[in-house]
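Engineer: when you get a sec, could you give me coordinates for this:
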Amino acid sequence: KGNIFICDYERLRDLEGNQISKKKQYLAAPLCLLFSTPGKLMPIAIQLNQQPGPGNPIFLPSDSETDWMLAKIFVRNAEFNEHELNFHLLRTHLMGEVFTVAMIRNLPSCHPLFKLLIPHTRYNLQINILARRLLISETGYFPQFTAIGNESMTTFLKRAASSLTYSSLCIPDDIKGRGLETIPNYYYRDDGLEMWNIIYKFVSGFVSHYYKDQDVKEDNELHSWLTEIRENGLLEQSEAGFPKSFCTVKELVKFVTMVIFTVSGQHAAVNSGQFEFGAFMPNFPSTLRCPPPRQKGETTRDSLLETLPDISTTINTIAIVYLLSQQSADRYPLGHYPEELFGEEMPLKLIAQFKSALQGLEMKIDTRNKKLALPYTYLNPRNVDNSVAI
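Structural biologist: Sure thing, here's the model as predicted:
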C-alpha cells in the first residue's frame, strides 16, 4: 500500500467560465498530488490543467507563498464544483430522487420494501424541486454566482453521471477501490463504515424475514423497481456495475443498504459541513476572477486578492452554504419511524435493535470526539436524517 494519492479534477477539463456581472470568470481542471503523513494528508504538487506543458507549471510547497497559495485556491474552486454538483447534488439528491420515483411507480404501498423505504424518501422530491428552481435553473444561484455557470454545469453533470458506478455508492467498496483503508484520521471512513454495517445488519434481518432466494427471483414488482432505476434513472449505463436483476437475498440486502445509506449517512456527510468548510471563502470559492497562472513567480498578494470572488458573490455563497447546512425543523433522525407502518413482531424488533445499534455508535463517536481538536460530527447518528430532507 502506498502513501501518495492523486486528486484529479478531469471532469472540469475545457469547460468555459461563466460571466458574473458581465465579467469573465475562470475554471481550472487541476491535478493535486497528496502525501499521507502520520497525521495528515498533505498536498505536495499541483498542476492546474490537464495537459502538461510550458504554460502549465507544477506548483510546489517550496515555491513562493503566493504562488503556492493561489494554486491551492484553484484546487479548492475545483473542489467546490465537484463537491456541490457531483458528490452532493448528483450522488445524493438526484440518486435519491431516482430511487424514490421508481419506488412509487413500481412498489405497492403494502409491499414490505415500500414500507421500509418510504420514510427514507421523505421531502426528497420537494427539496429537489426547490433546488431546480433556486439553485440550478437559468436564473438560480449557479448561473449567477459560480464560475461553472449553466452550460458548463450541464456538461459537467453529464460527465459526472457517466462516471457514476454502483461500487462508488457502496462505501466499503468505494474506500477499498480508492486505497483509503489505512490513511490516518479519516473519520468519514471510520464512522461511515460503521454506519453502513449497522444499516446492512438491519436490512439483512428485515429482508431475510420476508424473502428467501427464490422469493427474490420471483418478485416481479421488486424487479420492476430495479429495472426503472437502471433504465430511466441510469440510462442503462453498461459499465456502471449496477445489478441487472436480484437473484439472492444477499444481493438485495446490499442494494437496499446502498439506497438507505445514500439518502441518510452519505447526504449528511456531504451536506452538513458545507458552512463550516465554506464560510472561509478562500477554502471554498464558487468562482475565480483571473485565469490560472501560466508561470511561476508572477503571483503577488494583490493579484491573489483580485482573483478571489467579489463581495456580492462571496456573501451569496456563504448564505447558500449556511442555509443548506441547517437541520430541517421537523427532522426524523436515522432509525426513527414515527408512522408505525409495521405491526408484526419481527420488523418492530429489528427497528428497536437498529435504534439501539445507532445509539451505540453515537456514544462511540462522542467518546472519540472528546479527544479531537476538531471533532468529526457529521456521521454521528443524531446528526443524520432518515432522508434527503434539506
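Engineer: neighbours around T257, how many?
Structural biologist: By other Cβ atoms under 10 Å, 23 other residues sit near T257. All C-beta spots, glycine's among them, are computed from the backbone N, C-alpha and C.
Engineer: correction: the previous question concerned R76.
Structural biologist: Using other Cβ under 10 Å, R76 has 20 neighbouring residues.
Engineer: which helix or which strand is home to it?
Structural biologist: Assigned by DSSP states H and E, R76 belongs to helix 65-81.
Engineer: now the element after that helix, going C-ward?
Structural biologist: Immediately after helix 65-81, counting by DSSP H and E, sits helix 95-106.
Engineer: any idea how far T165 lies from M95?
Structural biologist: According to Cβ to Cβ, to the nearest Å, T165 and M95 sit 12 Å apart.
Engineer: same question but for Y378, I mixed them up
Structural biologist: 19 Å.
Engineer: and the two? Which one has more around it.
Structural biologist: A count of neighbours by other Cβ under 10 Å puts M95 above the other of Y378 and M95, at 25 against 22.
Engineer: what residues does the nearest residue to the more buried one once chain neighbours are set aside make contact with?
Structural biologist: Nearest residue to M95, sequence neighbours excluded (Cβ to Cβ, 6 or more residues apart in numbering): T262, at 5.7 Å. In this structure, T262 makes contact with R91, T92, M95, G96, F99, L169, judged by Cβ atoms under 8 Å, 6 or more residues apart in numbering.
Engineer: greatest separation within the residues you listed: which pair is it?
Structural biologist: Farthest pair in those (Cβ to Cβ) is R91 and F99. Separation: 12.0 Å.
Engineer: contacts for the helix holding R76?
Structural biologist: When contacts are defined by Cβ under 8 Å, 6+ apart, helix 65-81 is touched by residues 7, 9, 12, 27-30, 32, 43, 46, 48, 59-61, 63, 146-148, 156, 278, 282-288, 292-293, 296-301, 303-304, 307-308.
Engineer: equivalent analysis for stretch 31-43, please.
Structural biologist: By Cβ under 8 Å, 6+ apart, the surrounding residues in contact with stretch 31-43 are 3-10, 44-47, 50, 61, 72, 75, 183-185.
Engineer: with stretch 182-201 instead?
Structural biologist: Here stretch 182-201 makes contact (Cβ under 8 Å, 6+ apart) with 1, 3, 5, 36, 38-41, 170-172, 175, 180-181, 253-254, 257, 260-261, 264-266, 269, 334, 354, 357-358, 361, 364-365, 368, 376, 378-381, 384.
Engineer: mind checking which of those are in strands?
Structural biologist: Applying DSSP state E to the contacts of stretch 182-201, the entries found in strands are F5, S36, L41.
Engineer: show the buried residues in these.
Structural biologist: The neighbour count (16 or more other Cβ atoms under 10 Å) marks S36, L41 as buried among the ones in strands among the contacts of stretch 182-201.
Engineer: can you redo the ones in strands among the contacts of stretch 182-201 as JSON lines with pLDDT and distance to R189?
Structural biologist: Formatted as JSON lines, the ones in strands among the contacts of stretch 182-201 follow (pLDDT from 0 to 100; distance: Cβ to Cβ, whole Å):
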{"residue": "F5", "pLDDT": "97", "distance to R189": "13"}
{"residue": "S36", "pLDDT": "94", "distance to R189": "13"}
{"residue": "L41", "pLDDT": "93", "distance to R189": "12"}
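Engineer: what's the closest of the ones in strands among the contacts of stretch 182-201 to L130?
Structural biologist: Within the ones in strands among the contacts of stretch 182-201, proximity to L130 (Cβ to Cβ) peaks at L41, which comes in at 34.6 Å.
Engineer: quickly list what that closest one is bridged to.
Structural biologist: Using DSSP bridges, the beta-bridge partners of L41 come out as S36.
Engineer: is it fair to say I44 lies in a strand?
Structural biologist: Yes. Counting by DSSP: H, G, I helix; E, B strand; the rest coil, I44 falls inside a strand.
Engineer: any idea how far F142 is from C170?
Structural biologist: F142 is 29 Å from C170, by Cβ to Cβ.
Engineer: give me the more crowded residue out of those two.
Structural biologist: More crowded of F142 and C170, by other Cβ under 10 Å: F142, with 24 against 21.
Engineer: of the contacts of helix 65-81, buried ones?
Structural biologist: For those, a burial check counting by 16+ other Cβ under 10 Å picks out 7, 9, 12, 27-30, 32, 43, 46, 48, 59, 63, 146-148, 156, 278, 282, 284-288, 292-293, 299, 304, 307-308.
Engineer: remind me which residues of the protein are low pLDDT?
Structural biologist: Scanning the chain for pLDDT under 70 picks out 1.
Engineer: swap in 80 and give it another go.
Structural biologist: Within the chain, the stretches with pLDDT under 80 are 1, 236-238.
Engineer: ranges for the helices of the stretch 101-250 of the chain?
Structural biologist: Secondary structure of the stretch 101-250 of the chain (DSSP state H, counting those that start in this stretch): helices at 112-117, 124-134, 141-145, 151-162, 166-169, 171-177, 187-210, 213-218, 220-228, 249-261.
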